[in-house]
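Peer 1: A predicted structure for the sequence below; I have some questions about it.
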Amino acid sequence: MGPKRLALRLAAAPALVALALLAACAAVIDAPLAHAASGDWPPAWQDPPAQQPDFAVPSFEPPSANHCRRAPTTREVPGGGQYGRSRGIADDLAASSAEERVARKAEAAKSLAAGAPPLASPAVPTEREAADVARQAPPPFPDRPRPRHETVTAGMVDDNADFGEYLAYRQRSAGLPVRERDIAERYLLEVTDAAGRPVHDAEVAVQRAGRHEPVMWARTDTGGRVWLHPPAFLAPEVADRTLGVAVRKGSAWSRTTLVRGERAALQVRLGIPSIVQRPRLDLVFLVDATGSMGDEIAKLKASMRAMSQQIAQLPGQPDICWGLVAYRDRGDAFLTRSHDFTDDLGAFQGVLARVQAGGGGDTPEALNEALHETVHQLSWRRDAARLVVLVADAPPHLDYGGPQYDVDMQAALAKGIKLFAVGASGLDPVGEYVYRQMAQYTAGRFVFLTYKEASDPGSGPGTRTPHDVRGYSVQTLDRLIVRLVGDELAKLPRG
């Protein structure tokens, strides 16, 4: 190359560099942005720093498990303590057998006291055994009639789809002793890929001006959507009209601005290719195992095999991990007993078969602690649809210290976990309100058992309910659960 040509090329180099920079900037608008390191996520947004206080953002670990190919392991928090320990399946079997022995002794003692022949029992309980029975036998539940029929029917409402009615319900229920979060102001965020398909499990961070740490975290559902409720995670003193919304999936990210009071929906497009893969489902049954839940637990155990087979045969043949968290209350044999995810359906069904109803006594139960255990202690997988089916008949104890359901429903949204709350017979207005709070905030559903006579669970399956709901259809409970799971998986991209 001659000196003259070399000089011309060197002179043109700055212009070429400038053009390259302009092209890169243009690409940033239409394509995903790449961040240097995960520690830089999300980048600070705008200036100057705001000074008003925020609500505390719940701490959480993002879903990170790769698989659930293992036998079920059990973690138990005793009813009299504040600690947990991990156990194997053999320990769980031994504990369950001990509970069953105590229950049999209680039945034998009751039969003898009534003058009836004793039930099949090797011996009459000794004085010491009778004392053990008296300590562990569940107290009576005179105000909790229980259904006598095997078939259980249920209805469902989607409080996000009929949001105006939900707000009216909240007005009608004003004054209940609950942990309130203001959700009247809401915005829908929709995230799509380069082909316009929904992006599942995209990480969402909401920021105030000048703040690096987000004031809210969320993950998009299988439809690429998430509801944002600014007053629910900002202190009342915070009047910021604009918030930054950063969205990330893998190494691609983008950002938009939420101007409160303007558009009701926001769209973010990530320039990533559409990925079609076998659906992954992490499904947890969160079960109240106190004495008043005996019939619901029996029905769940009896229908689990058919339910799980139907879910396994849903379109796409989902890769399913099964989890179970049972809970009672303080002073009972256990506070929470959680069984981490497994893909061994037979082993999971065995764990479910050993759940026994007992304990309790007062109306509220340890739901706060059980929800915390479910959200934070189970091995949730990346890129899975994460669903929790709560089956219970009582509100949480709001007079205890420790975890609180409103904080952990926010952590559930941060981890992309949807809550489907099933109100069993006897659920009071406080319980209904709390269940609907958790379901609405995480974009789940409120499900409730129905009867021939609304206030009589013993009247048999029917279409009526004592709950404050409108315009619902009725199915058997197991079919309804399968339908809810199928609806979630159907939103995932398919080839």
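Peer 2: Sure thing, it's come through.
Peer 1: every contact and neighbour count from this point should use C-alpha atoms.
Peer 2: Noted.
Peer 1: take stretch 294-310, keep the C-alpha atoms, and write them as PDB.
Peer 2: What follows is stretch 294-310, C-alpha atoms only, in PDB (Å, rounded to 0.1, in the frame of the first residue of the first chain):
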ATOM      1  CA  GLY A 294     -60.000 -34.000  57.300                       C
ATOM      2  CA  ASP A 295     -62.500 -34.300  54.500                       C
ATOM      3  CA  GLU A 296     -60.700 -32.000  52.100                       C
ATOM      4  CA  ILE A 297     -57.400 -33.800  52.600                       C
ATOM      5  CA  ALA A 298     -59.100 -37.100  52.100                       C
ATOM      6  CA  LYS A 299     -60.700 -35.900  48.800                       C
ATOM      7  CA  LEU A 300     -57.400 -34.500  47.600                       C
ATOM      8  CA  LYS A 301     -55.600 -37.700  48.300                       C
ATOM      9  CA  ALA A 302     -58.300 -39.800  46.700                       C
ATOM     10  CA  SER A 303     -58.300 -37.700  43.500                       C
ATOM     11  CA  MET A 304     -54.600 -36.900  43.200                       C
ATOM     12  CA  ARG A 305     -53.700 -39.900  41.000                       C
ATOM     13  CA  ALA A 306     -56.400 -39.000  38.400                       C
ATOM     14  CA  MET A 307     -55.500 -35.300  38.700                       C
ATOM     15  CA  SER A 308     -51.800 -35.800  38.200                       C
ATOM     16  CA  GLN A 309     -52.300 -38.100  35.300                       C
ATOM     17  CA  GLN A 310     -54.500 -35.500  33.600                       C
END
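Peer 1: how about the secondary structure of residue 339?
Peer 2: What DSSP: H, G, I helix; E, B strand; the rest coil gives for residue 339 is strand.
Peer 1: and for residue 377, the neighbour number?
Peer 2: Neighbourhood size, residue 377 [other Cα atoms under 10 Å]: 14.
Peer 1: which pLDDT does the model give it?
Peer 2: On the pLDDT scale, residue 377 is placed at 97.
Peer 1: roughly how far does it sit from residue 218?
Peer 2: Using Cα to Cα, to the nearest Å, one gets 18 Å for the distance from residue 377 to residue 218.
Peer 1: helix, strand or coil for residue 375?
Peer 2: Applying three-state DSSP: residue 375 is helix.
Peer 1: show me what contacts it?
Peer 2: If you count contacts by Cα atoms under 8 Å, 6 or more residues apart in numbering, residue 375 has them with 408, 411-412, 417.
Peer 1: one more time with 6 Å
Peer 2: residue 412 (Cα atoms under 6 Å, 6 or more residues apart in numbering).
Peer 1: how about the helices in the stretch 351-495 of the chain?
Peer 2: 367-377, 405-414, 429-441, 477-490 (DSSP state H, counting those that start in this stretch).
Peer 1: mind listing what the closest residue to residue 366 other than its chain neighbours touches?
Peer 2: Closest residue in space to residue 366, ignoring its immediate chain neighbours: residue 329 at 4.8 Å, by Cα to Cα, 6 or more residues apart in numbering. Counting by Cα under 6 Å, 6+ apart, residue 329 touches 335, 360, 365-366.
Peer 1: min pLDDT across these, which one?
Peer 2: Among the contacts of residue 329, pLDDT bottoms out at residue 360, giving 84.
Peer 1: contact partners for the residue nearest to that one when sequence neighbours are not counted?
Peer 2: Closest residue to residue 360 apart from its sequence neighbours, by Cα to Cα, 6+ apart: residue 290 at 5.0 Å. By Cα under 6 Å, 6+ apart, the contact set of residue 290 is 328, 357-360.
Peer 1: among the residues you listed, name the buried ones.
Peer 2: 328, 357-360 (16 or more other Cα atoms under 10 Å).
Peer 1: look up how far residue 481 lies from residue 224.
Peer 2: For residue 224 relative to residue 481 (Cα to Cα), the value is 22 Å.
Peer 1: which residues does residue 475 bridge with?
Peer 2: Beta-bridge pairing for residue 475 (DSSP bridges): residue 154.
Peer 1: how far away is it from residue 461?
Peer 2: From residue 475 to residue 461 the distance is 10 Å (Cα to Cα).
Peer 1: which neighbours do the two share?
Peer 2: Taking Cα under 6 Å, 6+ apart as the contact rule, residue 475 and residue 461 both touch residue 153.
Peer 1: the two: who's more crowded?
Peer 2: Legend: neighbour count by other Cα under 10 Å for residue 475 and residue 461, higher for residue 461 (23 against 19).
Peer 1: where in the protein is pLDDT low?
Peer 2: 1-39, 46-55, 81-149, 495 (pLDDT under 70).
Peer 1: quick one, helices of the stretch 101-250 of the chain?
Peer 2: Going by DSSP H, counting those that start in this stretch, the stretch 101-250 of the chain shows helices at 127-136, 163-172, 230-233.
Peer 1: before we move on, back to that, measure the residue nearest to residue 366 to residue 486 for me?
Peer 2: For residue 329 relative to residue 486 (Cα to Cα), the value is 33 Å.
Peer 1: do residue 198 as well
Peer 2: Distance from residue 198 to residue 486, by Cα to Cα: 17 Å.
Peer 1: these two: which is more packed in?
Peer 2: residue 198 (24 against 18).
Peer 1: spatially central residue in the chain, please.
Peer 2: Nearest to the geometric centre of the chain sits residue 419, at 3.7 Å (Cα atoms, centre = their mean).
Peer 1: quick one: it and residue 437 touch, right?
Peer 2: No - here residue 419 does not reach residue 437: they are 9.9 Å apart, not a contact under Cα atoms under 6 Å.
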